[in-house]
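Asker: Kindly generate the corresponding structure for this input.
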Amino acid sequence: MSNYKVFVDGHAGTTGLQIHERLAGRSDLELLRISEEQRKDLEARRALLNEADVVFLCLPDSAAQESASLVVSEKTRIIDASTAHRTDRDWVYGLPELSKEQRREIRTAKRLANPGCHATGFILPIYPLVQQGAVPRDYPITVHSVTGYSGGGKKLIEQYETADLQRVEGPRHYALGLKHKHLPEMQQQAGLVFPPHFAPIVGNFYRGMTVAIPLLPRLMSKKLTAKDIHEILAAHYQGEHFVRVMPFDSEANLEDGYFNPEMCNNTNRAEIFVFGHQEQVMLLTRLDNLGKGASGAAIQNMNIMLGIAEETGLE
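Answerer: Residues are numbered from 1 along each chain as shown. Modelled structure (predicted):
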């Protein structure tokens, strides 16, 4: 028997569809649905938004702000998958693995901002290092993130799946104006003085991603080797179900020397890797951009907010 009513506002988009698919088989939830004809009917949406116990906003920023403003019910809890509220101090940031305090805030949150996929892969390894003083808050951080094309939504998916792939076979850099929409949350949640220098890259594969962060120990606050950094991260995430720090600098993490960005696909896992030596360090985070980077994280946050075991309905 269902205990909670859930409404996905924007269920036709990539993230909305993924959330629907992940929740469809759960007996503890009732999915409220809106007809195709009523999707743009303000009053129909208002009624469902206020009937639900939990609302997922899977919309462009401006539409997400509008939907949030329509919620007046005290019982309705909002999880916004857009970038609209990720740096808003009145909204809780939905990355529970950061700290015990973060998980407690999520548990009682009425308004929660679901993290971006690139941001998740960046914040998970950097946050503990900044908090422990290993990485200075003003460190000149560089980030390279390779992602599947599903992260670009319907338009980009269509380009890759219907266009002449001869011209898009290789990886493509984008956001070269260096103002990617995830940068504000990356800087704020990691506790940095300056935004990182962020270079996202889209690859010719549907889902999966790797976020790579090179570090130079000579510029760090403490004299730490790659192994020392691995130990800090392993201790911070010990016991976490979805965030795993993988064995240090191991060839077992590679396939003939190459790193596969798709090995967390269809899961809610994020795997953190540390490679390097005394003079140079490479941090890698692997996750599914549609899983821990979007819909999986949203459902994990919903589970926490409703007092349900975090792993419910997730791998």
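
Asker: ok, now how distant is Glu36 from Leu59?
Answerer: Going from Glu36 to Leu59 by C-beta to C-beta, to the nearest Å gives 16 Å. (C-beta placed from N, C-alpha, C; glycine too.)

Asker: swap in Val143?
Answerer: Distance from Val143 to Leu59, counting by C-beta to C-beta: 27 Å.

Asker: nearest spatial neighbour of Met282, skipping sequence neighbours?
Answerer: With sequence-adjacent residues excluded and distances taken as C-beta to C-beta, 6 or more residues apart in numbering, Met282 is closest to Phe275, at 4.5 Å.

Asker: Just checking: what are the partner strands of the helix or strand hosting the one you found?
Answerer: Following DSSP states H and E, one finds Phe275 within strand 270-276. With DSSP bridges as the test, strand 270-276 is paired with strand 243-245 (parallel), strand 281-287 (antiparallel).

Asker: Just name the most buried of those strands.
Answerer: strand 281-287 (a mean of 24; mean count of other C-beta atoms under 10 Å).

Asker: what about it, average pLDDT?
Answerer: If you average the pLDDT over strand 281-287, you get 97.

Asker: For the stretch 151-300 of the chain, just list every one of the helices.
Answerer: Applying DSSP state H, counting those that start in this stretch to the stretch 151-300 of the chain gives helices spanning 153-162, 183-190, 226-236, 296-305.

Asker: Make CSV from those and add distance to Thr285 and mean pLDDT to it.
Answerer: Converted to CSV, those look like this (distance: least, C-beta to C-beta, whole Å; pLDDT from 0 to 100):
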stretch, distance to Thr285, mean pLDDT
helix 153-162, 22, 83
helix 183-190, 12, 96
helix 226-236, 10, 96
helix 296-305, 13, 97
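
Asker: Return the distance of the longest helix belonging to the chain from the chain's centre.
Answerer: If you go by DSSP state H, the chain has its longest helix at helix 117-131. Averaging C-alpha positions (C-alpha atoms, centre = their mean, to the nearest Å) puts helix 117-131 11 Å from its chain's average.

Asker: Low-confidence ranges, the stretch 51-200 of the chain, go.
Answerer: Applying pLDDT under 70 to the stretch 51-200 of the chain flags the ranges 163-169.

Asker: Tell me how many other residues crowd Ala47.
Answerer: 16 (other C-beta atoms under 10 Å).

Asker: Over to Asn3?
Answerer: Using other C-beta under 10 Å, Asn3 has 11 other residues around it.

Asker: all strands of the chain, in order?
Answerer: Counting by DSSP state E, the chain has strands at residues 4-9, 29-32, 54-57, 77-80, 92-93, 111-113, 142-148, 172-173, 197-203, 209-215, 243-245, 270-276, 281-287.
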